[in-house]
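[1] Predicted model and sequence below, questions to follow.
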Amino acid sequence: MSAQAPFDTAAAKPYKGAESYQVEDGQLFFGRDGEAAQVIAKILASRFTLLHAQSGAGKTSLVNARVIPGLESRGWQAFRILPQNDPVESIRAATFQYLLPNPILERLAIERAWQSLAPNNAELTLDELLHLYDELEIRDVRRRALVGRVTLPTVRSVTEPTSADPYFCRVLRSCIEMESFVEHLVAIRQARHSKHGPIIDFSGGSKVSELLEILDDTNLISSYERLVNELKVPGRDLHVFFEHLIETYGRHRTRFGLVLILDQFEEVFTRFIDPGVTVTEYLGELPDWRLRWELFQQLERLCGNQSGATAALDGQWHAGLPLPIRYVISMRDEYIAQLEPMRQFAALEDSSYHLNLLDKEEAQAAIAEPAKIFGYTYQADCFRLIVKQLTKEDRFVEPAHLQLVCDKLWNEKGRELARIGRDQVSNGAIPVIEEAVFTELGETKGILKSFFTDFLDEIDSESRQEILDILEPLVTTSGTRNIIERDRLINAPFRNRQKRKELLNLLVNHTIVRIEPRLGGYFVEITHEFLIGPILEAIAEAGNKDPEYRSYRIALKTLERLHGSSIAGTTPPLNHQEFLILHRHREGVYWDSWSAEAMVRCSIGYGYRQLMEIWLQMFSRLHTATPTTVAGLMQSAINQGDREVLCLAELRMVNENQSATLGLSLEQVELIWRSELTWAIDSEVDHVKYWTERMLAHG
């Protein structure tokens with residue numbers, strides 16, 4: 001019986017482009033076998049392992065495509081966890097999702113494979129079904145699709161994982177044996193001490209339909225749901241959670257060990273921050289910084305508290321041993337120094353691994369082997385030119401750049417060659433991508449340029465303008481790469497800090513910029529010189545296509561340059577056109593009291609009475625009184641001989657504390673009265689009357 005089907009080149013592809021490799025991509029992942037073996041060895045030898053690398057080195061791809069499958073094949077339950085908005089809850093949720101997928105998801109995964117591989121749903125044994133999957137060519141789109149995640153069509157309960165990597169998919173990938181799948185289902189039933197339901201005893205010789213009947217049994221599903229609800233222990237103590245999980249479920253497994261892979265761990269330091277007194281509304285909704293310290297405390301307790309713990313050792317359970325858990329911290333190099341709170345309980349120096357960029361031989365394998373699987377190759381001169389242009393310092397190749405170049409060549413020519421490659425291989429002739437194809441695309445520089453423009457095309461217009469605003473200062477006036485402090489880019493005046501932070505992370509994830517520690521801080525730079533031209537072209541094109549946008553950016557830069565300077569008197573700080581364009585785009589600007597007052601002065605100076613009302617309201621909403629005393633304020637104002645009027649903030653403070661002004665001199669009262677006549681609107685007529693009377697009282 002043949003499981004072969006026409007190769008779907010629209011869905012399958014040999015390279016990942018800007019995306020990370022997933023667990024199901026393992027058979028297309030080349031060049032990292034040595035590194036994967038060393039990382040796995042360190043994980044097995046130590047409770048805590050630190051995996052770190054520069055951005056773009058491929059940490060997540062290595063973890064997904066090699067480390068997790070390698071640990072699974074050695075009997076460990078290994079899964080990746082992202083911090084998200086609550087690191088502690090993310091650990092619990094990922095554990096449920098990986099360790100206890102719903103039996104319904106198992107059934108869906110099996111039915112998916114059966115329907116795809118068996119003609120007319122012919123009756124098969126499980127071994128026959130697995131054999132049909134193994135017969136699929138690696139480039140067959142079903143090879144990847146049938147081991148991908150499965151999602152419940154409807155949400156049945158908020159307590160159950162609704163999307164998961166079922167055990168059956170791990171069997172298909174050959175990461176676990178069928179016996180482990182059987183043991184998992186038996187553990188679900190035994191954990192609930194259930195005496196009802198089907199006998200869970202199947203093997204490779206069992207019929208697929210028989211396994212589906214077991215998974216369909218309502219008693220098994222009920223046992224699963226009761227188990228999940230029971231494991232939802234109250235509180236947030238991870239030690240209690242895992243101890244209960246191991247005692248309730250894990251002790252029914254012959255071998256049970258968990259590997260928690262905390263990936264993108266730098267987000268613990270970039271997202272969970274206390275902005276302190278500098279916090280403003282522009283930062284948006286930030287996760288509680290205390291969650292970072294809670295995570296550290298929970299991990300310390302997990303590592304250090306052994307009382308009452310039980311652990312599986314060579315299939316036997318013993319009391320008083322540490323929980324059978326390994327921990328992997330995967331993060332970017334520049335954040336390692338911030339792990340200091342964890343070094344008190346985790347010997348990170350003893351088990352850390354730095355992932356370098358690809359060396360030349362690894363890069364050659366990563367280029368050639370996936371193409372070979374898809375039935376084509378590269379002309380020798382083309383191959384040498386690609387490797388040469390991707391290599392830096394005559395030693396290293398960035399995996400991200402390699403993937404982008406090869407993926408572009410696949411879309412341009414490889415896809416077409418893959419369609420005809422099957423027939424020609426039988427004749428000993430493998431179709432090749434010629435050097436001319438690579439040259440016509442502009443070689444590495446041209447391909448990566450198109451990568452940037454393609455990236456911009458996928459972004460909405462508002463975000464695109466903000467991204468160009470972030471990138472512009474990263475290029476010097478002479479057209480070379482500039483280095484800018486990260487916080488300076490994120491916290492640019494009058495911009496949405498949270499949005500700029502997200503967009504900067506997007507640029508990092510797409511390998512357009514990198515963040516590195518330098519001079520005691522974190523600095524941003526463009527990843528490669530070849531991006532400078534496309535960036536400058538995109539900035540110029542945006543201004544040429546939209547003169548309004550160009551004028552708006554110029555006005556915003558003027559406001560930024562003047563920010564914080566003295567704006568005493570009634571002379572408008574902005575020219576007429578700058579004022580009007582900023583007014584039109586006011587919803588996109590993040591104002592503070594200084595800039596709102598500048599707009600009030602402009603509306604007065606240029607005679608826009610109605611606009612003055614708008615900006616006075618904006619100022620009133622943003623202004624908060626300072627603790628400066630009225631007497632001190634007035635003396636300071638008198639000492640500055642050029643002060644024609646008080647600024648709006650000062651005048652508001654004076655009127656809020658009129659009782660403190662009774663001893664003011666004629667000169668001081670006159671300054672306030674003149675300020676009232678300048679600023680007052682109809683609703684403040686009482687203040688004008690009050691200070692006029694004070695002037696008359698002085699004669």
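    Happy to help now that I have it.
[2] and the longest strand along the chain, which strands flank it?
    Identified as the longest strand of the chain according to DSSP state E is strand 325-332. Next to strand 325-332 in the sheet, as set by DSSP bridges, lie strand 48-53 (parallel), strand 258-262 (parallel).
[3] Would you tell me which of those strands gets closest to D86?
    strand 258-262 (13.4 Å; C-beta to C-beta). Yep, even glycine has a C-beta here, placed from its N, CA and C like the rest.
[4] what's the spacing between T661 and E667?
    Using C-beta to C-beta, to the nearest Å, T661 is found at 13 Å from E667.
[5] Looking at those two now, which is surrounded by more residues?
    T661 (18 against 11; other C-beta atoms under 10 Å).
[6] Could you verify my assumption that that one touches N655?
    No. Between T661 and N655 there is no contact under C-beta atoms under 8 Å: 9.1 Å.
[7] In which helix or strand does V524 reside?
    strand 521-526 (DSSP states H and E).
[8] Run through who's touching that strand.
    For strand 521-526, the external contacting residues (C-beta atoms under 8 Å, 6 or more residues apart in numbering) are 334, 471, 474-475, 481-487, 489, 504, 512-517, 532, 535.
[9] Can you list the strands that it pairs with?
    strand 484-485 (antiparallel), strand 513-518 (antiparallel).
[10] for the record, mean pLDDT for the longest one?
    Taken as a whole, strand 513-518 has an average pLDDT of 74.
[11] For A45, which non-adjacent residue is spatially closest?
    Of all residues not flanking A45 in the chain, S351 sits nearest, at 6.7 Å (C-beta to C-beta, 6 or more residues apart in numbering).
[12] Contact partners for the one you found?
    Contacts of S351 by C-beta under 8 Å, 6+ apart are K42, I43, A45, S46, F48, T49, L50.
[13] Got the phi and psi for it?
    Per-residue torsions, S351: phi -140, psi 70 (degrees, to the nearest 10).
[14] Please apply the same query to G58.
    phi 100, psi 30.
[15] wait, what's in contact with it?
    So G58 contacts S20, Y21, R32, L355, L358, P399, A400 (C-beta under 8 Å, 6+ apart).
[16] so what's the nearest residue to T558 once chain neighbours are set aside scoring on pLDDT?
    Of all residues not flanking T558 in the chain, E578 sits nearest, at 5.6 Å (C-beta to C-beta, 6+ apart). Looking at E578, its pLDDT stands at 92.
[17] just the one 5 residues further on next, same as before
    Here, the pLDDT recorded for H583 equals 93.
[18] Who are the contact partners of it?
    M599, L611, I614.
[19] Likewise for V240?
    Shown in contact with V240 (C-beta under 8 Å, 6+ apart): V233.
[20] pLDDT value on it, please?
    Predicted confidence (pLDDT) for V240: 93.
[21] Secondary structure element holding it?
    Going by DSSP H and E, V240 is part of helix 238-248.
[22] Give me the angle between that helix and strand 325-332.
    Using axes from the mean of the first three to the mean of the last three C-alpha atoms, to 10 degrees, the direction of helix 238-248 lies 130 degrees away from that of strand 325-332.
[23] Give me the buried positions along helix 238-248.
    L238, H239, F241, F242, E243, H244, L245, I246, T248 (16 or more other C-beta atoms under 10 Å).
[24] between the contacts of S351, which is nearest K449?
    Checking these one by one against K449 (C-beta to C-beta), the nearest turns out to be L50, at 36.1 Å.
[25] dump the residue contacts of the residue nearest to the closest one when sequence neighbours are not counted.
    Of all residues not flanking L50 in the chain, S352 sits nearest, at 3.9 Å (C-beta to C-beta, 6+ apart). Contact analysis of S352 by C-beta under 8 Å, 6+ apart lists K42, T49, L50, L51, H52.
[26] can you redo those residues as CSV with neighbour count and distance to Y15?
    What follows is the contacts of S352, written out as CSV (neighbours: other C-beta atoms under 10 Å; distance: C-beta to C-beta, whole Å):
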residue, neighbour count, distance to Y15
K42, 19, 28
T49, 26, 29
L50, 24, 29
L51, 25, 23
H52, 22, 25
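[27] so which of those would you say is closest to V147?
    L51 (24.0 Å).
[28] can you pull the pLDDT of A436?
    Reading off the model, A436 has pLDDT 96.
[29] so how far is Q77 from it?
    On the measure of C-beta to C-beta, A436 and Q77 end up 50 Å apart.
[30] and what of Y21?
    Counting by C-beta to C-beta, the gap from Y21 to Q77 is 20 Å.
[31] mind listing the helices for the stretch 201-350 of the chain?
    For the stretch 201-350 of the chain, applying DSSP state H, counting those that start in this stretch gives helices covering 208-216, 218-231, 238-248, 267-270, 290-304, 340-343.
[32] CA atoms only for the third one - export them in PDB, please.
    As requested, the backbone C-alpha atoms of helix 238-248 are provided in PDB (Å, rounded to 0.1, in the frame of the first residue of the first chain):
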ATOM      1  CA  LEU A 238       4.900  26.000  41.900                       C
ATOM      2  CA  HIS A 239       6.500  23.500  44.300                       C
ATOM      3  CA  VAL A 240       3.100  22.500  45.600                       C
ATOM      4  CA  PHE A 241       1.800  22.300  42.000                       C
ATOM      5  CA  PHE A 242       4.600  20.100  40.700                       C
ATOM      6  CA  GLU A 243       4.700  17.900  43.900                       C
ATOM      7  CA  HIS A 244       1.000  17.300  43.500                       C
ATOM      8  CA  LEU A 245       1.300  16.600  39.800                       C
ATOM      9  CA  ILE A 246       4.100  14.100  40.400                       C
ATOM     10  CA  GLU A 247       2.300  12.300  43.200                       C
ATOM     11  CA  THR A 248      -1.100  12.200  41.400                       C
END
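[33] Taking helix 290-304 as reference, get the angle to the helix holding V240.
    Using the same axes, to 10 degrees, helix 238-248 lies at 50 degrees relative to helix 290-304.
[34] Tell me the gap between helix 238-248 and the middle of its chain.
    For helix 238-248, the gap between its own C-alpha mean and the chain's C-alpha mean amounts to 29 Å (C-alpha atoms, centre = their mean, to the nearest Å).
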